[in-house]
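Asks: Show me how the following folds:
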Amino acid sequence: MRTLRDKVVVVTGAGSGIGRAVAVEVAGRGAAVAISDVDEAGLAETVDLVKAAGAHEVRSDRLDVADRPAFASYAAAVREHFGRVNVIVNNAGVTMTGDFEELTYEQFEWIMSINFWGVVTGTKEFLPHLIESGDGHVVNISSLFGLVSMPGQSSYNASKYAVRGFTEALREEMLVAGHPVGVTCVHPGGIRTGISRNGRKTASQDGAAVDALFERRLARMEPSRAAEIIVRGFTADRARVLVGIDAHLIHHAAKLAGSRYQDVVARLSKRLLPPAR
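Replies: Numbers count the residues shown, from 1 in each chain. Now for the predicted structure:
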């Protein structure tokens, strides 16, 4: 997929952050855009930005990616509306911060229903349309935490590692089958979005301190820059896209250290992470 001109790109979680920035980026490259989110006010703002970027056609829908029947109906409606679909960017995601000992089954299921099952459903429902297009691509947003683990992020790590494994296997299957569909797994590092503020925390977490750590010390890159890297990566059919210097450095350091990186992370976390209340 060398160009996005006249392609149809679907982006979930487009009401803010990376999803919004990707929608704007592909619109500027000549794509028609279908965006969705649970945040209708945010979606309305994204519509204006996408139109200003030059999109000749925009479709906007409220969608909870954890609602499988709704997602199936949405995919069919988008295909009927545009007549084809070329790219699905499964971006919608949430955070759940807290030690595993404190997490309830319901909290774990909540994050998996969005971060993992939302990706699976989006891929499953749009894949036939991507194959039909003759020039399709699946873009699944994992995380740096889909490559390395972090204390207090067991549920988030689980969901993002799952996205990585699923996406890599899917790419292999598309190659074996000879389908005209590329597959890319994206691993962003710290991006300046509201994901921490909008996420959930267990009772012992100091939410304000967690958010401040992420926003002031970890989130270095603007979403617009992340979107450029993501779009450039999947249009070049790259299997894996690392976004941000932090993603590159931490990923390669962990590879060099092997499993011992976990011990290093544990020691550093005692100094860096906010103490439990």
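Asks: going forward, measure contacts between C-alpha atoms and count neighbours the same way
Replies: Noted.
Asks: Could I get the buried residue list for stretch 254-261?
Replies: The neighbour-count check on stretch 254-261 (16 or more other Cα atoms under 10 Å) flags 254, 261 as buried.
Asks: tally of neighbours for the closest residue to residue 155 other than its chain neighbours?
Replies: Leaving aside its chain neighbours, residue 155 sits nearest to residue 108 (5.9 Å; criterion: Cα to Cα, 6 or more residues apart in numbering). Number of residues near residue 108 (other Cα atoms under 10 Å) recorded here: 17.
Asks: Would you mind measuring from residue 108 to residue 153?
Replies: Residue 108 is 11 Å from residue 153, where distance means Cα to Cα, to the nearest Å.
Asks: Parallel or antiparallel, list what pairs with the longest strand seen in the chain.
Replies: Ranked by number of residues, the top strand in the chain under DSSP state E is strand 181-188. Paired strands of strand 181-188, with direction, are strand 136-141 (parallel), strand 240-243 (parallel) (DSSP bridges).
Asks: Of those, which stretch is the most buried?
Replies: Most buried of these by mean neighbour count (mean count of other Cα atoms under 10 Å) is strand 136-141; its value is a mean of 27.
Asks: quick check: mean pLDDT across the following helix or strand past it?
Replies: From strand 136-141 onward toward the C-terminus, using DSSP states H and E, the following helix or strand is helix 154-177. What helix 154-177 shows for mean pLDDT is 98.
Asks: And the contacts of helix 154-177?
Replies: Contacts to helix 154-177, defined as Cα atoms under 8 Å, 6 or more residues apart in numbering, come from residues 95-100, 108, 111-112, 115-116, 119, 140-143, 145-150, 180-185, 239.
Asks: And the buried ones among those residues, selectable in PyMOL?
Replies: Per 16+ other Cα under 10 Å, the buried members of those correspond to this PyMOL selection:
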select buried, resi 95+96+97+98+99+108+111+112+115+116+119+140+141+142+143+145+146+147+148+149+180+181+182+183+184+185+239
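Asks: Strands of this structure, residue ranges please.
Replies: Going by DSSP E, the chain shows strands at 8-11, 32-37, 58-62, 87-90, 96-97, 136-141, 181-188, 200-201, 240-243.
Asks: what does the helix or strand of the chain at the bottom of the mean pLDDT ranking contact?
Replies: Within the chain, no helix or strand scores below helix 207-213, which has a mean of 83 by mean pLDDT, DSSP states H and E. If you take Cα under 8 Å, 6+ apart as the criterion, helix 207-213 is touched by 196, 197, 201, 273, 274.
Asks: can you do 6 Å?
Replies: Applying Cα atoms under 6 Å, 6 or more residues apart in numbering, the external contacts of helix 207-213 come out as 196, 197.
Asks: okay, it in PDB with CA atoms only?
Replies: Output in PDB follows, covering the C-alpha atoms of helix 207-213 (Å, rounded to 0.1, in the frame of the first residue of the first chain):
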ATOM      1  CA  GLY A 207      -4.400   8.600  40.700                       C
ATOM      2  CA  ALA A 208      -3.200  12.100  40.600                       C
ATOM      3  CA  ALA A 209       0.400  11.000  41.200                       C
ATOM      4  CA  VAL A 210       0.200   8.300  38.600                       C
ATOM      5  CA  ASP A 211      -1.200  10.700  36.000                       C
ATOM      6  CA  ALA A 212       1.500  13.300  36.800                       C
ATOM      7  CA  LEU A 213       4.300  10.700  36.400                       C
END
